[in-house]
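In: Generate coordinates for the sequence data below:
(one chain, ligands or ions: 1)
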Amino acid sequence: MKVLIATEKPFAAAATNGIKNIFDKAGYTTVFLEKYTDKQQLLDAVKDADALIIRSDKVTREVLNAAPHLKVVVRAGAGYDNVDLNTSTAKGITVMNTPGQNSNAVAELAIGMMIFMARNQFTPGTGSEIKGKKLGIHAYGNVGRIVGRYGKALGMEVYAYDPFISDPTVYEKDGVVPVSSVEELYSVSNYVSVHIPANEQTRRSLNKALLERLPQGASIINTARKEVVDEEQLCELLAERADLKYATDILPDNYAVLQEKFGKRVFSTPKKMGAETAEANINAGLAAANQIVAFFQTGDRRFQVNK
Ligand code: NAD
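Out: Residues are numbered from 1 along each chain as shown. Predicted coordinates:
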């Protein structure tokens, strides 16, 4: 059994050692393709792989066509919009993610960004405190729940919107107020923390009509995906509303323009770093390896996302 770990942005060393140990114990061969710069390197490496672990690497139809033995792909992380699910399903390849394994890392970054924006990106001038402010959690999944918990610990009033979690007790036990529409969430929140996945339904859904509902002085904190934002309309709105701020962990296509026009009201990390902690690397990497062993040894498909 051959497992390829293809990571353009490699795991931390502790994670790669742990992954290799898990596969050594199972008697599998492990091949690492790290920091590759050309798609062809991935196409060559995947040729004889039975299993594939990736991070933000793109598994396109071309990659899947180049991998005749591939049976399982595990995305070490939460979002799986970088994998062609339809082609995988058509080829009988199981695709999984590792839900929850990097959530704390992303949640800590979201809170850090909130404070960073409230304090003028740590430059001189009068900032504001987040205590007592209203925090809207857009999608109450693994990351959103932790952000909500940390927000409460910091004295914020926390609201959440997630149409797929209708059981009110999920919110009640966390002391979070569920709202019944996304429009209501944006109308009440001084800070919105965005945690929706990028898919057909959500793409460009953070448009001007939604964002202009935000109260005076609000900030949008996006640690989800840039695809969920209509960046042109965001730019228009920031020009009309000098009170609004936008911080993101996913470099916008038009970041140079945004920076030039809006200065410290916008911020982006240079490269997605929500999950870039040693802890999250180890959690997600080892989970991915264990899921592959369980898949081959017991047929475990618990985390399959292309059902
Ligand atoms: P998750 O799957 O645990 O939660 C996603 C939540 O979104 C679910 O509760 C689901 O019900 C909800 N949802 C789906 N469609 C929605 C919609 N239209 N409106 C409102 N809610 C909706 O995922 P997670 O671990 O919380 O991660 C959330 C997203 O953050 C991922 O999809 C990924 O794109 C992104 N992410 C980014 C980083 C990073 O490094 N910045 C790391 C991990 C995850």
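In: so what's the residue nearest to the spatial centre of the chain up against?
Out: With distances taken as Cα atoms, centre = their mean, A224 lies nearest the centre of the chain, 4.4 Å away. Residues in contact with A224 (Cβ atoms under 8 Å, 6 or more residues apart in numbering) are 79, 139, 194-198, 250. C-beta coordinates here come from the backbone N, C-alpha and C atoms, glycine included.
In: sec struct for the residue of the stretch 201-307 of the chain found nearest the ligand, please.
Out: Nearest to the ligand, among the residues of the stretch 201-307 of the chain, is G274, at 2.7 Å (Cβ to the nearest ligand atom). Secondary structure, DSSP: H, G, I helix; E, B strand; the rest coil: G274 is coil.
In: The ligand contacts on the stretch 101-250 of the chain?
Out: 102-103, 106, 139-144, 161-165, 195-198, 201-202, 223-225, 249 (Cβ under 6 Å from any ligand atom).
In: buried subset of the residues you listed?
Out: Using 16 or more other Cβ atoms under 10 Å as the burial test, those include 102-103, 106, 139-144, 161-162, 165, 195-198, 202, 223-225, 249 as buried.
In: Select from the residues you listed every entry located in helices.
Out: Cross-referencing these against helices under DSSP state H gives 103, 106, 142-144.
In: In the stretch 151-300 of the chain, what residue spans correspond to strands?
Out: 157-161, 177-178, 191-194, 219-222, 245-248, 266-268 (DSSP state E, counting those that start in this stretch).
In: Sheet partners, orientation included, of the shortest one?
Out: In its sheet, strand 177-178 lies beside strand 157-161 (parallel), with partners assigned from DSSP bridges.
In: Touching, the residue of the stretch 201-307 of the chain closest to the ligand and V106? I think so.
Out: Yes. If you go by Cβ atoms under 8 Å, G274 and V106 touch, sitting 3.8 Å apart.
In: between these two, what contacts are shared?
Out: Joint contacts of G274 and V106 (Cβ under 8 Å, 6+ apart) are 223, 249.
In: Can you give me the neighbour number for the residue of the stretch 201-307 of the chain closest to the ligand?
Out: Using other Cβ atoms under 10 Å, G274 has 23 neighbouring residues.
In: again with V46
Out: 24.
In: residue contacts, H69?
Out: 2, 48-50.
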